Each structure stands twice: as C-alpha cells, then as structure tokens.
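Novice: how would this look folded up:
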Amino acid sequence: MSDYHVYVLYEINQAVTLTTADKQGIKTALGAMGRQSDPSPAKITQFRPDLSEHRAILELTVNPFVPLATLKADAFQRIANETQYNLTQVTSNSTFTLFKPGGVANADVTWEQSRKAAVAYLIANIAEWETAA
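Specialist: I've put the predicted structure just below:
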C-alpha cells in the first residue's frame, strides 16, 4: 500500500504558557513531520495554527502502516526537542487526533474522509480559527 494523506489536530492545553520561541518550535517540530518535498505540492506537510496558536491542523502524507500512536509519540518528542518543555510535560498537556469518520482504522481513512472531518471541525469551531473580519 502506498502512503496516505490525512489531516491531524494537534492541541496543547490553553493553560500552558507558550513563548514566541515555543510557538515557533511547535511549528518547526510539526512541520517537519510527513513529506518535506514532493513533485506534487499537495503531498507536502501543511501546518495551520488557530488564533491562540495552541492548536494546529496538519495535513500529512504518511505510511499507512505507522500507527497513530507512533505518529503521536514522534510529534510529542519533536515538540519537546524544539520547546522549553520536556517530553512528560508535552505528553501530559497535548492531544494528537486523526480527523476520521468514527471507528475507522488509520489505513482505511481516505484523504477525502479525513479532509471532510477536518472541514466539519473548522466549521463547528470557526470563531477560534478565523478573525472576525
């Protein structure tokens, strides 16, 4: 099976104080996941933070045989390496959620299913992701 394309929500507890360097570190850490180059730009990792910068949606192209728990552990370790927080602090204050229809295994999620779940989440939480322009 070839790589598959998914959307993931990363959240860190709003009570955690993030410096400008921490916010950049999270962006660097999560942006380094998935593909960094590809002839198809749609397959390159995309990173979109919310207005508080305590959440971000990632669009990733990943190996379907890598469990979500492994991707999550990798993300948390990368964040600990790039911020002032250690792995225990990051793990206890963060979530990493695959956008998918309920009950579907990782390898069975299509790009479109994951995209639709991410869009539904954004619509339901629009005030936290967009300015009131």
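
Novice: can you get me a residue count around residue 130?
Specialist: For residue 130, the count of nearby residues is 11 (other C-beta atoms under 10 Å). Using the backbone N, CA and C atoms, a C-beta is placed for each residue, glycine as well.

Novice: that one sits in which helix or strand?
Specialist: For residue 130, there is no host helix or strand (DSSP states H and E).

Novice: and it, what does it touch?
Specialist: Counting by C-beta atoms under 8 Å, 6 or more residues apart in numbering, residue 130 touches residue 51.

Novice: could you redo the last one with a cut-off of 10 Å?
Specialist: 50-51, 122 (C-beta atoms under 10 Å, 6 or more residues apart in numbering).

Novice: show the buried residues in those residues.
Specialist: Using 16 or more other C-beta atoms under 10 Å as the burial test, the contacts of residue 130 include 50, 122 as buried.

Novice: so which of the contacts of residue 130 is the closest to residue 98?
Specialist: Checking those against residue 98 by C-beta to C-beta gives residue 122 as the nearest, at 15.4 Å.

Novice: how about the closest one, phi and psi?
Specialist: phi -60, psi -40 (degrees, to the nearest 10).

Novice: skipping adjacent residues, who's closest to it in space?
Specialist: In this structure, residue 122 finds its nearest non-sequential neighbour in residue 129, 5.7 Å apart by C-beta to C-beta, 6 or more residues apart in numbering.

Novice: residues contacting that neighbour?
Specialist: Per C-beta under 10 Å, 6+ apart, neighbours of residue 129: 48-52, 55, 57, 121-123.

Novice: before we move on, back to that, out of the contacts of residue 130, flag the one nearest to residue 82.
Specialist: The nearest member of the contacts of residue 130 to residue 82, counting by C-beta to C-beta, is residue 50 at 18.7 Å.
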